[in-house]
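Colleague: need coordinates for the following:
(chains A and B)
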There are 2 protein chains.
Amino acid sequence: MNHEPTKNDILTAAARIKSHIHRTPVLTSRLINEMIGAGIYFKCENLQKVGAFKFRGACNAVFSLPEKLAGKGVATHSSGNHAAALSLAAQMRGIPAHIVMPRTAPKIKVKAVESYGGKITFCEPNQAARESTLERIVKETGATFIHPYNNYTIIAAQATAALELLEDVPDLDIVITPVGGGGLLSGTALTAHYFTKSVQVVAPEQAGADDAYRSLQTGTIQPSVNPKTICDGLLTSLGSLTFPIIRKYVTAIYTAEDPHIIRAMRMIWERMKIIIETSSSVPLAVLLNGKLSAQGRKIGIILSGGNVDLEKLPWNQ
Amino acid sequence: MNHEPTKNDILTAAARIKSHIHRTPVLTSRLINEMIGAGIYFKCENLQKVGAFKFRGACNAVFSLPEKLAGKGVATHSSGNHAAALSLAAQMRGIPAHIVMPRTAPKIKVKAVESYGGKITFCEPNQAARESTLERIVKETGATFIHPYNNYTIIAAQATAALELLEDVPDLDIVITPVGGGGLLSGTALTAHYFTKSVQVVAPEQAGADDAYRSLQTGTIQPSVNPKTICDGLLTSLGSLTFPIIRKYVTAIYTAEDPHIIRAMRMIWERMKIIIETSSSVPLAVLLNGKLSAQGRKIGIILSGGNVDLEKLPWNQ
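Modeller: Residues are numbered from 1 along each chain as shown, chains lettered A, B, ... in the order given. As a prediction, this is how the structure comes out:
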């Protein structure tokens, strides 16, 4: 897909992935509502297959490939949720997924990709090695490179999480999503733009890695350099395809500090009994720190993922 | 209510509590299905208010009290989920809840009851002290004693979890629930009896605390004496009201050992991204240890609760 997703592209993605994904529940917590003084609706993409919204994009990319191309497989460089998501989507279509990972990647992530049938090629842990290794594999196999977020087919599918949320709770005032590379945020912003009259989309960012905030302020993509944050899912910079959408349709970006993020994470674990990543805790953190005024409003939050090392919980460090 | 719940009693309970409880989701895991070779449908009562199915029973008990009695409040002795559930249900109706707790109860449980507005009276940590303290409070206040499970109004409401599960997945072969005092198990068995033609209800029990197993074998209630298990929600013995129902309508009880229970618990946390108690892990444990043959069947599991001390996870001990 070589154009910004249209309303129809999002509906097509939704229909294409529907039978492959989980329709994730929308949960609420009386206590969190009372604490914030608002109605908060959590769209639980942590309960999505592979434990992250990334499976929506991966599915759309894999299942929209024409038969002939698909046979040669897909490829990506990623050590995170996208690699696992692409591996599972490819396995479901019965095609190979080639994953380039730095040889220093955590074992838990290597195991996840392997368990979904991804074929891993290890490389040196730097950007140049990742790119040259990927290029070589694409050349050798004819696999289609699927970028984790800077890809319109991916963006159109990430938009479907908000679409489902709005089906379940049509009268939201605001939707908040985390922002890393901007796939989920740009998709969510497109859904609000096409399918609602006035839903605002905002994003929270960790104070130690506020490249999206700075990008919106300056009007050009600011790189994420030496980010300092506990949210390892949000280290990437915005992409050339996600940034223009975010610039057009996202109302504001707020920042949160790590202590608020950990407090928000623990609150969701303890009160809602669901497992979310640090990255998914940032939206609630900006409500807890009061930067986004929520009083009396209906707010949707997309909980982006639940892949956590249970041996290393931030409150036990 | 002074008779075994009828079909209509269960429907009345469902209607009475509907607007107060969460309609909890039914989740599935592709990986767990593949591992067991069956279709497993998890009814997530860990995501219920107060983090446990107990809120259904407490709500039914509180909201079925006639106005005049209700004004005097409710009372119970419990240090677990029932105390928290009764406190919240009472708070929602605007009546007092008197909770008798041993002075040795974990702080986390005391705090939970307090956060829901329960009025705690501490007593010595033995059964005689609990009972005499409760009796005194009931005499002084006129509050209605609500037993955690040996109460037909409670049983009728615990039956509604399986009712919702069967609405979502009508063609189940088996439903498995944990068994402590037997409120959830007897309610589930009644639902299967009244609303299905052939759904079997079975219960798993920890090998170190198999009083329900022994009770079914011998035909009389066997006490739970010095139980050795990590499942602190399942230490109680069956009740005089729950046992006859279980004897009539429960197909079988299977036992599981602690290592299988911990493995099942961790699998659900890691793969499904939800927080469950050790007690809720026992149903999956008896599928993992092969005692209950599940091959090719559709199996519902009621995940009873999610109240866990996040500082003390069994795999970090």
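Colleague: secondary structure class for the residue nearest to the spatial centre of chain A?
Modeller: Centrality entry for chain A: nearest residue to the mean C-alpha point is residue A:184, 4.8 Å, by C-alpha atoms, centre = their mean. Secondary structure assignment for residue A:184 (DSSP: H, G, I helix; E, B strand; the rest coil): helix.
Colleague: quick one: pLDDT of the closest residue to chain B within the stretch 51-200 of chain A?
Modeller: Closest approach of the stretch 51-200 of chain A to chain B (C-beta to the nearest C-beta) occurs at residue A:51, with a separation of 5.4 Å. Where you see a C-beta, it was placed from the backbone N, CA and C, and this is true even at glycine. With respect to pLDDT, residue A:51 scores 96.
Colleague: do residue A:194 as well
Modeller: pLDDT recorded at residue A:194 is 98.
Colleague: tally up the residues packed near it, please.
Modeller: 17 (other C-beta atoms under 10 Å in any protein chain shown).
Colleague: wasn't residue A:42 part of a strand?
Modeller: Yes - assessed with three-state DSSP, residue A:42 lies in a strand.
Colleague: do I have it right that the residue nearest to the centre of chain A meets residue A:175?
Modeller: No - using C-beta atoms under 8 Å, residue A:184 makes no contact with residue A:175, being 10.5 Å away.
Colleague: which residues do those two both contact?
Modeller: Common neighbours of residue A:184 and residue A:175 (criterion: C-beta atoms under 8 Å, 6 or more residues apart in numbering or on different chains): residue A:302.
Colleague: from chain B, how far out is the nearest residue to residue A:230 once chain neighbours are set aside?
Modeller: Nearest residue to residue A:230 in three dimensions, chain neighbours excluded: residue A:278, at 5.0 Å (C-beta to C-beta, 6 or more residues apart in numbering or on different chains). From residue A:278 across to chain B, the span is 14 Å (C-beta to the nearest C-beta, to the nearest Å).
Colleague: which other helices and strands contact the longest helix anywhere in chain A?
Modeller: Counting residues, the longest helix in chain A under DSSP state H turns out to be helix A:152-168. If you count contacts as 3 or more C-beta pairs under 8 Å, 6 or more residues apart in numbering or on different chains; DSSP states H and E, helix A:152-168 packs onto helix A:7-17, strand A:39-44, helix A:54-63, helix A:183-195, strand A:298-303.
Colleague: can you tell me which residues contact residue A:160?
Modeller: A:10, A:13-14, A:17, A:56, A:187, A:191.
Colleague: CA-only coordinates of stretch A:80-97 in CSV, if you can.
Modeller: Output of stretch A:80-97 as CSV, limited to C-alpha atoms (Å, rounded to 0.1, in the frame of the first residue of the first chain):
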residue,chain,number,x,y,z
GLY,A,80,10.6,-7.2,20.1
ASN,A,81,6.9,-7.9,19.7
HIS,A,82,6.8,-7.3,15.9
ALA,A,83,9.2,-10.2,15.4
ALA,A,84,7.0,-12.5,17.3
ALA,A,85,3.9,-11.2,15.7
LEU,A,86,5.3,-11.5,12.2
SER,A,87,6.5,-15.1,12.9
LEU,A,88,3.0,-16.2,14.1
ALA,A,89,1.2,-14.5,11.3
ALA,A,90,3.5,-16.2,8.8
GLN,A,91,3.1,-19.5,10.5
MET,A,92,-0.7,-19.1,10.3
ARG,A,93,-0.4,-18.5,6.5
GLY,A,94,2.2,-21.3,6.2
ILE,A,95,5.0,-19.2,4.9
PRO,A,96,8.5,-18.5,6.3
ALA,A,97,9.3,-15.5,8.5
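Colleague: report the buried residues of that stretch.
Modeller: A:80-93, A:95-97 (16 or more other C-beta atoms under 10 Å in any protein chain shown).
Colleague: next step: those residues restricted to helices.
Modeller: Those of those lying in helices (DSSP H): A:81-93.
Colleague: show me which residues of chain A sit near chain B.
Modeller: A:22, A:25, A:27-28, A:30-31, A:46-47, A:49, A:51, A:115, A:266, A:269-270, A:272-276, A:306-307, A:310-311, A:313, A:315-316 (C-beta under 8 Å from any C-beta of the partner chain).
Colleague: whichever of the residues you listed end up buried, select them in PyMOL.
Modeller: Entered in PyMOL, the line below selects the buried ones among the residues of chain A next to chain B, by 16+ other C-beta under 10 Å:
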select buried, chain A and resi 22+25+27+46+47+49+51+269+270+272+273+274+275+276+306+307+313
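Colleague: narrow the residues of chain A next to chain B to those in strands?
Modeller: Counted as lying in strands by DSSP state E, out of the residues of chain A next to chain B, are residue A:27.
Colleague: helices - which of the residues of chain A next to chain B land there?
Modeller: Applying DSSP H to the residues of chain A next to chain B, the entries found in helices are A:30-31, A:115, A:266, A:269-270, A:272.
Colleague: ok, which pair from those is furthest apart?
Modeller: Greatest spacing in those, by C-beta to C-beta: A:30 and A:115 (36.8 Å).
Colleague: pull the CA atoms of stretch A:191-198 into PDB?
Modeller: The C-alpha trace of stretch A:191-198 is given here as PDB (Å, rounded to 0.1, in the frame of the first residue of the first chain):
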ATOM      1  CA  THR A 191      -9.600   6.000  13.100                       C
ATOM      2  CA  ALA A 192     -10.700   9.000  15.200                       C
ATOM      3  CA  HIS A 193     -10.500  11.200  12.100                       C
ATOM      4  CA  TYR A 194     -12.500   9.000   9.900                       C
ATOM      5  CA  PHE A 195     -15.000   7.400  12.200                       C
ATOM      6  CA  THR A 196     -15.800  10.000  14.800                       C
ATOM      7  CA  LYS A 197     -16.800  13.700  14.900                       C
ATOM      8  CA  SER A 198     -14.800  14.900  17.800                       C
END
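Colleague: list the buried ones in it?
Modeller: Buried-residue list, stretch A:191-198, by 16+ other C-beta under 10 Å: A:191-196.
Colleague: the nearest residue to residue A:251 once chain neighbours are set aside and residue B:65, how far apart?
Modeller: In space, and not counting its chain neighbours, residue A:251 is closest to residue A:200: 4.4 Å by C-beta to C-beta, 6+ apart. For residue A:200, the distance to residue B:65 equals 44 Å [C-beta to C-beta, to the nearest Å].
Colleague: what of residue A:221?
Modeller: Counting by C-beta to C-beta, the gap from residue A:221 to residue B:65 is 62 Å.
Colleague: and residue A:91, by the same measure?
Modeller: Taking C-beta to C-beta, one finds residue A:91 at 55 Å from residue B:65.
Colleague: residues near residue A:104, how many?
Modeller: Here the number of neighbours of residue A:104 (other C-beta under 10 Å) works out to 9.
Colleague: OK, contacts around it?
Modeller: residue A:125.
Colleague: repeat that with 10 Å
Modeller: For residue A:104, the contacting residues are A:79, A:122, A:124-125, by C-beta atoms under 10 Å, 6 or more residues apart in numbering or on different chains.
Colleague: buried members of those into ChimeraX, please.
Modeller: Per 16+ other C-beta under 10 Å, the buried members of the contacts of residue A:104 correspond to this ChimeraX selection:
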select /A:79
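Colleague: which one of the contacts of residue A:104 is nearest to residue B:257?
Modeller: Checking these against residue B:257 with C-beta to C-beta, the nearest one is residue A:79 at 36.6 Å.
Colleague: now the spatially closest residue to the closest one that is not a sequence neighbour: phi and psi?
Modeller: Sequence neighbours aside, residue A:105 is the residue nearest to residue A:79 in space, at 4.2 Å (criterion: C-beta to C-beta, 6+ apart). Residue A:105 has phi and psi values of phi -60, psi 140 when expressed as degrees, to the nearest 10.
Colleague: hmm, residue A:105 is touching residue A:121, no?
Modeller: No - with contact defined as C-beta atoms under 10 Å, residue A:105 does not count as touching residue A:121 (11.6 Å).
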